[in-house]
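Trainee: mind folding the following:
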Amino acid sequence: MRMTNLSRRALLGGTLFQKLHHQNIAINSKVIRTVPRPPTAVDEDIFKRLCTQCGQCKTVCPEHVIIFKDGYPVINIEYSACTLCFKCKAVCPTNALSNLLNDTGLRVHITNTCINEYVYCNECEASCPVSALQWQDKQIPTIDHDKCIGCGLCKNDCYIEAITMQEETMCSDNNESKFL
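Mentor: Next comes the predicted model:
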């Protein structure tokens, strides 16, 4: 077994990360959320430490989907969608919105009122910026929850309101998505 130098200098200098990366150790590519946050928010525990609650992200949001709940910014896409303009990230004075992953913590749910079972409609698929929705002839579209970033653009474009957005939580026991 090969030992990795865990000295303070190695840790702070980044050599530990480089060694772990070269040993093909998987790095978590999933953002941990307890509530929907702006798309580039860091993991929840770090976010609450970094966010100064200044409100600049809310002020600059052109879609007005950032609101404050319990003193922190959350995404509310009930009446509009996040267009992923990243103005909130650009204006944030801390690193609270510095994540490279874009994920609000919301996931698409298509109800049984989807008319695609009866007539052709692909509005949701056409509006998805990450191709998380796949249209199928005479069936409700399938959703790839691993691709979905929770922006709500598909919900916005569904004219019969068959799409809802639900908060996602991660199950620690089987690593599958659960909806609240």
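Trainee: mind listing what the most centrally placed residue in the chain touches?
Mentor: Nearest to the geometric centre of the chain sits D103, at 1.3 Å (CA atoms, centre = their mean). By CB atoms under 8 Å, 6 or more residues apart in numbering, the contact list for D103 reads K30, V31, R33, P39, I149, G150. From N, CA and C alone the C-beta is placed, and that goes for glycine too.
Trainee: wait, I66 touches V74, no?
Mentor: Yes. With contact defined as CB atoms under 8 Å, I66 reaches V74; the gap is 7.3 Å.
Trainee: now, of the contacts of D103, which are buried?
Mentor: V31, R33, P39, I149, G150 (16 or more other CB atoms under 10 Å).
Trainee: what helices or strands is the strand ranked longest in the chain leaning on?
Mentor: Ranked by residue count, the top strand of the chain under DSSP state E comes out as strand 163-170. The helices and strands touching strand 163-170, judged by 3 or more CB pairs under 8 Å, 6 or more residues apart in numbering; DSSP states H and E, are strand 106-110, helix 153-157, strand 177-179.
Trainee: between the ones you listed, which gets nearest to V60?
Mentor: helix 153-157 (19.3 Å; CB to CB).
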